[in-house]
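Colleague: Let me see the structure of the following:
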Amino acid sequence: MIEKTFFQRRQKLADLLNANEMVVIFAASMPNYPRKFLQDNNFLYFTGLEIPEAVFVLKKVKNKIISELFIERGIPEREVWDGKKMTKEEAAELSGIEKVFFLDEFSDKISAGLSETETCFVSFNYSTIDKPLDKQQEFMRKSRNVFPQVRFANAVKLIRNLRVIKDEWEINQMKKAIEVTGMAILEIYQKAKPGMKEYELEAILQYHILKNGLKHQGFLPIIAAGKNATTLHYIRNDSEIGKNDLVLLDVGAACNNYSADISRTFPVAGKFTDRQKAVYREVLNIQKEIIEMVKPRVGLVELNKKTNELIAEALIRLKLISDKKDFRKYYMHSVSHHLGMDTHDVGARDSVLEAGNVITVEPGIYIPEEGIGVRIEDDILVTENGYEILSADIPKEIEDLENLK
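Modeller: This is a model prediction of the structure:
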């Protein structure tokens, strides 16, 4: 049962705590219309609950582990407008957390807990001093004033080592997100025509996400035609596609907050020009060589170093540079990052790979003066003996792309 998975995750988190320490994780707030609710990843990871405003508390009092959940209290008069709130019984059954309270009980109970706590880990994002405090930061500010003996720290440092290894259920969510993303990419290949707007291709992606019962994209999609593909994080998606343009897609559906992250580049006319084909082949060969390196105990630093060497050699063959040290003119990013509930998931950029990691491999070459940008990205599961390409069914070979029209 899935609630057993959440219990096991909470147990692993508890094992990281010393006596008289606690973890506090806030659910996301309900967004303003018309945005859809998107749960906080860490709250979802430990509770499995898709409800706003809730709070999860895990504490170790001496050597006793206590899990508590605080949820919104239902207001009968609001049910005709908003529907029923989740009950205590439903929350307990879905999450496996037995101690469920209403939010109006949180202040008294968390105060009692903090009075005997030495360290409180709170899941929060860092921001700059000119920004208003979010609810996590406001909670820490008020708590410090009342309980100055408590040391506050970011729970992300604890959680990172748990989330970076994906279990079977998590991998299945990612496979579903990748499958839906692949369906969209295939239809985009087939329907894209010169004269269309980039956002028309984005609409195909969104259609497949909704049609398959998913609610969110993992990130803002990049649909970049021609020179737009040389802007790494191009997200306007509002240009007209030229008749000889390459179109770069960097897109990903999300399933239960687990994101796909796929990049494909294809000729809208159905055939690559000789120059486009030369650049594309270089990027594809580099990607294949880097994927072959993926296995446990290999570091992301090693993947990046080898990619930089191969890119430099390719750029010389393409007559774009004469000195290898100038490769950054046409390749500006890293080749890999961890993937999961966050598109750039928890996991350090200098981490050493372990079985259960999911990473991207995404080399690229970007030539603004020629209006050519190529990036090819796949999602890779690190296995005990090597790797599995989770996105292997999404076409990327030159011959396959040219035969799809």
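
Colleague: Please tell me how far stretch 384-397 is from the chain's geometric centre.
Modeller: If you compare the mean C-alpha spot of stretch 384-397 with that of the full chain, they lie 18 Å apart, counting by CA atoms, centre = their mean, to the nearest Å.

Colleague: er, stretch 139-150 actually
Modeller: Averaging C-alpha positions (CA atoms, centre = their mean) puts stretch 139-150 32 Å from its chain's average.

Colleague: C-alpha coordinates for stretch 212-231, CSV please?
Modeller: Backbone C-alpha positions of stretch 212-231 (Å, rounded to 0.1, in the frame of the first residue of the first chain) are rendered in CSV as follows:
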residue,chain,number,x,y,z
ASN,A,212,-3.9,11.9,-19.8
GLY,A,213,-5.2,13.0,-16.4
LEU,A,214,-2.1,15.0,-15.4
LYS,A,215,-2.4,18.5,-13.9
HIS,A,216,0.9,20.1,-14.3
GLN,A,217,4.0,20.7,-16.3
GLY,A,218,7.3,20.2,-14.5
PHE,A,219,8.5,23.6,-15.6
LEU,A,220,7.8,26.3,-18.1
PRO,A,221,8.2,24.8,-21.6
ILE,A,222,10.8,25.9,-24.1
ILE,A,223,9.5,25.8,-27.7
ALA,A,224,12.2,27.7,-29.5
ALA,A,225,12.5,28.0,-33.3
GLY,A,226,15.5,29.1,-35.2
LYS,A,227,17.7,31.6,-33.4
ASN,A,228,15.4,31.5,-30.3
ALA,A,229,16.9,28.1,-29.6
THR,A,230,20.3,29.8,-28.8
THR,A,231,18.7,31.4,-25.8
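
Colleague: Now for residue 211: which residues touch it?
Modeller: With contacts taken as CB atoms under 8 Å, 6 or more residues apart in numbering, residue 211 has no neighbouring residues. In this view, the C-beta of every residue, glycine as well, is placed from N, C-alpha and C.

Colleague: Show the backbone phi and psi for it.
Modeller: Backbone torsions of residue 211, given as degrees, to the nearest 10, read phi -60, psi -30.

Colleague: residue boundaries of the strands in the stretch 251-400 of the chain?
Modeller: Counting by DSSP state E, counting those that start in this stretch, the segments of the stretch 251-400 of the chain that form strands are 253-255, 258-259, 262-267, 358-361, 364-367, 372-375, 378-382, 387-389.

Colleague: Quick one: those as CSV, columns for mean pLDDT and distance to residue 51 too.
Modeller: Below are those laid out as CSV (pLDDT from 0 to 100; distance: least, CB to CB, whole Å):
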stretch, mean pLDDT, distance to residue 51
strand 253-255, 98, 18
strand 258-259, 98, 19
strand 262-267, 98, 30
strand 358-361, 98, 27
strand 364-367, 98, 40
strand 372-375, 98, 37
strand 378-382, 98, 29
strand 387-389, 98, 34
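
Colleague: Nearest to residue 68, out of the ones you listed?
Modeller: When the strands of the stretch 251-400 of the chain are compared by CB to CB, strand 258-259 sits nearest residue 68, at 26.2 Å.

Colleague: picking that back up, will you turn the strands of the stretch 251-400 of the chain into JSON lines that also has distance to residue 139 and mean neighbour count?
Modeller: Conversion of these to JSON lines gives the following (distance: least, CB to CB, whole Å; neighbours: other CB atoms under 10 Å):
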{"stretch": "strand 253-255", "distance to residue 139": "27", "mean neighbour count": "26"}
{"stretch": "strand 258-259", "distance to residue 139": "27", "mean neighbour count": "27"}
{"stretch": "strand 262-267", "distance to residue 139": "37", "mean neighbour count": "25"}
{"stretch": "strand 358-361", "distance to residue 139": "32", "mean neighbour count": "24"}
{"stretch": "strand 364-367", "distance to residue 139": "41", "mean neighbour count": "22"}
{"stretch": "strand 372-375", "distance to residue 139": "41", "mean neighbour count": "24"}
{"stretch": "strand 378-382", "distance to residue 139": "35", "mean neighbour count": "23"}
{"stretch": "strand 387-389", "distance to residue 139": "41", "mean neighbour count": "17"}
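
Colleague: for those strands, which one sits closest to residue 333?
Modeller: The stretch from the strands of the stretch 251-400 of the chain with the least distance to residue 333 (CB to CB) is strand 364-367; that distance is 7.2 Å.

Colleague: now for the closest one, which elements pack on it?
Modeller: For strand 364-367, the packing partners by 3 or more CB pairs under 8 Å, 6 or more residues apart in numbering; DSSP states H and E come out as helix 274-293, helix 300-317, strand 372-375.

Colleague: do that again at 10 Å, thanks
Modeller: Taking 3 or more CB pairs under 10 Å, 6 or more residues apart in numbering; DSSP states H and E as the contact definition, the neighbouring helices and strands of strand 364-367 are strand 246-251, strand 262-267, helix 274-293, helix 300-317, strand 372-375.

Colleague: I'd like to know which of those is closest to residue 190.
Modeller: Comparing these against residue 190 with CB to CB, the closest turns out to be strand 262-267 (10.3 Å).

Colleague: between the closest one and strand 246-251, how big is the angle?
Modeller: Strand 262-267 and strand 246-251 meet at an angle of 160 degrees, taking axes from the mean of the first three to the mean of the last three CA atoms, to 10 degrees as the criterion.
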